[in-house]
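>>> Generate coordinates for the sequence data below:
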Amino acid sequence: MNVGYCTNVHSGTTFEQALENLKTFALPVKQAISPNQPMGIGLWFSEEAVNVALQDGNWQRLKQFLNLNGLVAHTFNAFPFTDFHQPSVKRKVYLPDWTSDARSQYTLEVARLQSLLLPEMSIGTISTVPLAWDERQPPEFFATCASQLNRCAQQLEAIEQNSGVQIQLGLEPEPGCVLQTSNQVVKFFDRYLFSGVVAQKHRVRLGVCHDICHAAVMQESQREVLQRYHENGIAISKVQISSAPEFVQSGEPWTDEVLRPFVEPRYLHQTTVQDDADFRFFEDLPVALEQFPAGLPRSVWRVHFHVPIMLDAVGGMGTTQGEIESCLGWFLNHDYPSHFEVETYAWEVAPASVRGNSMTDSIVAELRWLLEHFPDLGRLNRRG
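Numbers count the residues shown, from 1 in each chain. Purely as a prediction, here's the structure:
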């Protein structure tokens, strides 16, 4: 299966914790969703866990576990570098950024681990930080990031030559980051990343990870974003299937009781408000609620808070579930091979009414909904 879920929903920063999470959560999910066929799994390992996993004996133990249980590590999430479930993550999740050798080293360690876990002649994908937080950066910042990424691509080529596994790295645009819209992505790839003749050959290894929730929060059209990447020769290596709370406000004033349950201290919940006159961006939901305590007449509020994808409503408002159909419809019409990963990492901090019975039940419900509504996803094989 080319469809799985991302294990960054599980807490734990050590290799042993990551392995235990697979036993506790991934195995019952696999049994419920794909008991007789392999199932994709999107792995998240902290920098600490990856270092331990690469030691002799550990990666063999992990590979044996995955193979025996029919789990395929087709994709990795290398966005969070360290503890993704600490009490307050906020802006720390974007560190180190792509000017740092530490970011490149961590990414390559993830790639080496994935090359050991996958069979020869297969393709693996990795998602990563969209350069850094805050789009306001000097030109030299972009040049440094491009240099780091192209050196990383050279090492990915060497990994392929040694292992026979091709690894594709996808920058993941996110609201508030250097790359937060598709136009910014295209500009960076064209002006900096692929500006040289040598760099052009890295198009097969450097692309984007498209997160449906992120594009929805930026109130971009899913189909226009994907078509823009496609027309500009930017590989869409991976798709994170995710959904956000959406509140469509009429002309009446409102209280913040609807959105207030989604205020929590662990993650940033970037918020956008679109009305007929303006598009407003807020770094975090509390900032938006403070500025507009009575809302904004005739506007659409969207919050970067990944909610289970099978929900078309949360509390007194809707979700961006319809954006999933728009996105996946583009892929099915273009027969464009990619990896698909359900990513609902904010499950632990979501309101109880959103979480449901248990994490395992929620993940199973998400994957069932996805496969029932989009049964043709499985035909988009990575080998085309």
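>>> Could you list the low-confidence segments of the stretch 201-350 of the chain?
Across the stretch 201-350 of the chain, the ranges flagged by pLDDT under 70 are 255.
>>> Please enumerate the helices of it.
Taking DSSP state H, counting those that start in this stretch as the criterion, the stretch 201-350 of the chain carries its helices at 212-217, 222-231, 285-291, 321-334.
>>> so where do the strands sit in this structure?
3-5, 39-43, 71-77, 123-128, 166-171, 206-211, 235-241, 245-249, 271-275, 279-282, 299-303, 313-314, 317-319, 339-342 (DSSP state E).
>>> follow-up on the earlier one: now, of the helices of the stretch 201-350 of the chain, which is deepest in the fold?
When these are scored by mean count of other CB atoms under 10 Å, the highest mean neighbour count falls to helix 212-217 (a mean of 27). (Each C-beta comes from the backbone N, C-alpha and C, glycine too.)
>>> can you give me how far that helix is from the chain middle?
Offset of helix 212-217 from its chain centre (CA atoms, centre = their mean, to the nearest Å): 10 Å.
>>> Show me what that helix is packed up against.
When contacts are defined as 3 or more CB pairs under 8 Å, 6 or more residues apart in numbering; DSSP states H and E, helix 212-217 sits against helix 222-231, strand 235-241, strand 299-303, helix 321-334.
>>> got the CA positions of that helix in CSV?
Extracted in CSV, the C-alpha atoms of helix 212-217 (Å, rounded to 0.1, in the frame of the first residue of the first chain):
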residue,chain,number,x,y,z
ILE,A,212,-3.3,19.5,2.4
CYS,A,213,-4.0,21.3,5.7
HIS,A,214,-1.2,23.8,5.2
ALA,A,215,-2.3,24.9,1.7
ALA,A,216,-5.9,25.1,3.0
VAL,A,217,-4.9,27.3,5.9
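>>> contacts for that helix?
Identification of contacts with helix 212-217 by CB atoms under 8 Å, 6 or more residues apart in numbering yields 172-175, 180, 182, 222, 225, 239-244, 246, 270-272, 302-304, 306, 320, 323-324, 327.
>>> Against A153, how distant is A199?
Taking CB to CB, to the nearest Å as the measure, A199 falls 8 Å from A153.
>>> about what we covered before: I'd like to know which of the strands of the chain is closest to E135.
E135 sits nearest to strand 279-282 of all the strands of the chain, at 10.1 Å, using CB to CB.
>>> Just give me the neighbour total for C177.
For C177, the neighbour count with other CB atoms under 10 Å is 22.
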